[in-house]
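Colleague: Need coordinates for the following:
(one chain, ligands or ions: 1)
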Amino acid sequence: MAEQREKLHIVLFPWLAFGHIGPFFELAKLIAQKGHKISFISTPRNIHRLPKVPENLQPLVDLIELPLPRVDKLPENAEATVDIPKHIIPYLKLAFDGLEQPLTKFLERCKPHWIIYDFAPYWLPPISSKLGISCIFFSIFSASGLYLFLDDYTRKASESELNTWFPEDHYEANESGVSDVFRLLRISNGAQVIAIRTCMEIEGEPLKLCESIYKRSMIPVGLLTPSLQFSEDSNDENWNTIRNWLDKQEKGSVIYIAFGSEVTLSDENFTEITMGIEMSGFPFFWVLKKQNTSSVELQDMVGNNSGKGIVWRTWAPQMRILSHKSIGGFLTHCGWSSVIESLQIGCPLVLLPFQNEQFIVARLMEEKKVGFKVQRSEDEGKFTRDSLANALRSVMLEEEGKTYRNQAEEMSKLFGNKELHKKYADEFVDYMETHRPIIKN
Ligand SMILES: C[C@@H]1O[C@H](OP(=O)(O)OP(=O)(O)OC[C@H]2O[C@@H](n3ccc(=O)[nH]c3=O)[C@H](O)[C@@H]2O)[C@H](O)[C@H](O)[C@H]1O
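Modeller: Modelled structure (predicted):
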């Protein structure tokens, strides 16, 4: 009989963003399902925003709260990118770096076998190696995004589009004291391997490119088919309100509009999107949290539509909404989690990337014909109400949208293949079991 090896103790330490905390939490549950002990570390408010740990996993999953140090310019109670405007994010990174001491004390005390960390804590690899703890960098980005981020930096890309993909603040040391590229290079060099939220069937080639540019083994962990990811998703009062409105709409008639937890629209983009939705004439459900919407256009749009659209101003249960039969398309910023969630249920995409690796995800989705990209001007990279309305019609209208709907349906067999993605996660856990460090007592 195979000897029963001692179960592992694994620490997970995500960056302070919902696009990261969600996938890390999903990975933690998959690891715990194999009987290993998990310490999931974040700040108090983020821990409280996680959904309940399933009953059967609670004995194995410890949610560890490390209070976020105070930093000037970081508002009280701000503990994730969703809580602040984009220009304050460097101060959140500065506060995050202040977790070095308390985290070190925790690691000295509990001596885990592994720590799975994110792109931000550049100071963590030397601490872990001193303590004999093995490190894994878990990239919640797609392999395409992870590859091009470094390739663009090393190649100083000439194409105009690339230069807007990763604005200078990713390369220049910002108010956090170090650039994102510096963080990423330190993190990946300090990791034994790099785990990526993808699979060979979707990104076989980009995974090989990542191995060459990062000079590390890449382990795809699958897409981590998320369940409800955040406590807010279980707010039944909100969901009942939303579902009552969706139930009144025709099947496949509503465009769901959401730009993740970080994008704040410029006044110009906000107006063009508002007018583009109006011109398209489709019923819409628009999640609009970080926006000053005193503008007349929005009031008019919602008013004129006489209930044809909902502008939702707080956290929306995205997974539940996307699964509703009245949703016919998703106008998205192309955040990797949002794209995965949409294609798991076969919902076609209207692609409107704004920053970072979203442009790369948009290109990947265009190649797979599961979505139509909103055209932007060659010179300034701007879109208009006309190009937005045209993109909405290309996906939502019966004839024009047929290809995207059929392809998205086809892709859902891969994106939503729970057995396939669980196999990837199981193989990742097997790697950690067979490559465990010898713990020095
Ligand atoms: C580093 C950065 O992480 C970002 O994450 P962001 O939160 O913007 O987007 P998603 O990855 O879709 O993640 C957003 C997640 O939040 C959920 N959600 C969000 C708002 C809401 O009201 N309700 C919800 O359920 C949504 O379902 C998804 O799971 C982007 O990737 C960006 O490209 C990347 O560089």
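
Colleague: C-alpha only now, for contacts and for neighbours.
Modeller: OK.

Colleague: which is the next helix or strand following the worst-scoring helix or strand of the chain on mean pLDDT?
Modeller: Sorting the helices and strands of the chain by mean pLDDT, DSSP states H and E puts helix 160-165 at the bottom, at a mean of 55. Next helix or strand after helix 160-165 toward the C-terminus (DSSP states H and E): helix 180-190.

Colleague: Show me what that next one is packed up against.
Modeller: Counting contacts by 3 or more C-alpha pairs under 8 Å, 6 or more residues apart in numbering; DSSP states H and E, helix 180-190 packs against helix 124-130, strand 134-139.

Colleague: now the strands for the stretch 251-400 of the chain?
Modeller: Applying DSSP state E, counting those that start in this stretch to the stretch 251-400 of the chain gives strands spanning 254-258, 284-287, 309-312, 327-332, 349-351, 371-373.

Colleague: By mean pLDDT, show me the worst of the ones you listed.
Modeller: Mean pLDDT values for the strands of the stretch 251-400 of the chain show the minimum at strand 309-312, a mean of 91.

Colleague: Give me whichever of the helices and strands packed on helix 180-190 is most buried.
Modeller: By mean neighbour count, with neighbours taken as mean count of other C-alpha atoms under 10 Å, strand 134-139 ranks first of the helices and strands packed on helix 180-190 at a mean of 26.

Colleague: any idea of the mean pLDDT in that strand?
Modeller: Here strand 134-139 scores 97 as its mean pLDDT.

Colleague: Sheet partners, orientation included, of it?
Modeller: The pairing partners recorded for strand 134-139 under DSSP bridges are strand 114-117 (parallel), strand 193-196 (parallel).

Colleague: Identify the residues contacting Leu74.
Modeller: By C-alpha atoms under 8 Å, 6 or more residues apart in numbering, Leu74 lies in contact with Ile88, Tyr91, Leu92.

Colleague: Select from these the one having the most neighbours.
Modeller: Counting neighbours by other C-alpha atoms under 10 Å, Leu92 leads the contacts of Leu74 with 28 neighbours.

Colleague: Can you report phi and psi for that one?
Modeller: Phi and psi for Leu92, reported as degrees, to the nearest 10, are phi -70, psi -40.

Colleague: Is it correct that it is in contact with Val82?
Modeller: No - taking contacts as C-alpha atoms under 8 Å, Leu92 lies outside contact range of Val82: 11.0 Å.

Colleague: in the helix or strand where Asn238 lies, what's buried?
Modeller: Using DSSP H and E, the element containing Asn238 is helix 236-247. With burial defined by 16 or more other C-alpha atoms under 10 Å, the residues of helix 236-247 counted as buried are Trp239, Ile242, Arg243, Trp245, Leu246.

Colleague: Just give me the closest of these to the ligand.
Modeller: Comparing the buried residues of helix 236-247 against the ligand with C-alpha to the nearest ligand atom picks out Trp239 as the nearest, at 11.7 Å.

Colleague: what's the helix or strand for Arg109?
Modeller: Assigned by DSSP H and E, Arg109 falls in helix 100-110.

Colleague: just to revisit the earlier point, report whether the helix holding Asn238 contacts the ligand.
Modeller: No - figure legend: helix 236-247 not in contact with the ligand (C-alpha under 6 Å from any ligand atom); closest approach 11.6 Å.

Colleague: Contacts for that helix, please.
Modeller: Contacts with helix 236-247, where a contact means C-alpha under 8 Å, 6+ apart, come from Pro317, Ile321, His324, Ser326.

Colleague: Report the two of these separated the most.
Modeller: Spatial extent of the contacts of helix 236-247 (C-alpha to C-alpha) is set by the pair Pro317 and Ser326 at 15.2 Å.

Colleague: What is the end-to-end distance of stretch 108-124?
Modeller: One end of stretch 108-124 sits 13 Å from the other (C-alpha to C-alpha, to the nearest Å).

Colleague: Using the record's domain definitions, break this protein down for me.
Modeller: 3-225+418-434, 235-415 (automatic domain parsing).

Colleague: Retrieve the pLDDT associated with Arg155.
Modeller: Confidence score, pLDDT, at Arg155: 66.

Colleague: Please read the previous query as pertaining to Phe18.
Modeller: So Phe18 comes in at 88 (pLDDT).

Colleague: Also Asp152?
Modeller: Confidence at Asp152, expressed as pLDDT, is 72.

Colleague: Likewise for Thr293?
Modeller: At Thr293, the model reports a pLDDT of 61.

Colleague: what's the answer for Ser261, then?
Modeller: Per the predicted model, pLDDT is 83 at Ser261.

Colleague: burial count for the nearest residue to it once chain neighbours are set aside?
Modeller: Leaving aside its chain neighbours, Ser261 sits nearest to Val82 (4.8 Å; criterion: C-alpha to C-alpha, 6 or more residues apart in numbering). Val82 has 21 neighbouring residues, counting by other C-alpha under 10 Å.

Colleague: ok, and what's touching the longest helix along the chain?
Modeller: Counting by DSSP state H, the longest helix found in the chain is helix 418-434. For helix 418-434, contacts defined as C-alpha under 8 Å, 6+ apart pick out 8, 27, 30-31, 34, 114, 199, 219-225.

Colleague: partners of Phe330 in the sheet?
Modeller: Tyr256, Leu349.

Colleague: can you pull the contacts of it?
Modeller: Ile255, Tyr256, Ile257, Ala258, Leu322, Ser342, Cys347, Pro348, Leu349, Val350.

Colleague: ditto for Asn46
Modeller: Asn46 makes contact with Leu16, Glu79, Ala80 under the criterion C-alpha under 8 Å, 6+ apart.

Colleague: quick one: the helix or strand where it lies to chain centroid distance?
Modeller: Assessed by DSSP H and E, Asn46 sits inside helix 44-48. In terms of C-alpha atoms, centre = their mean, to the nearest Å, the centre of helix 44-48 is found 18 Å from the chain centre.
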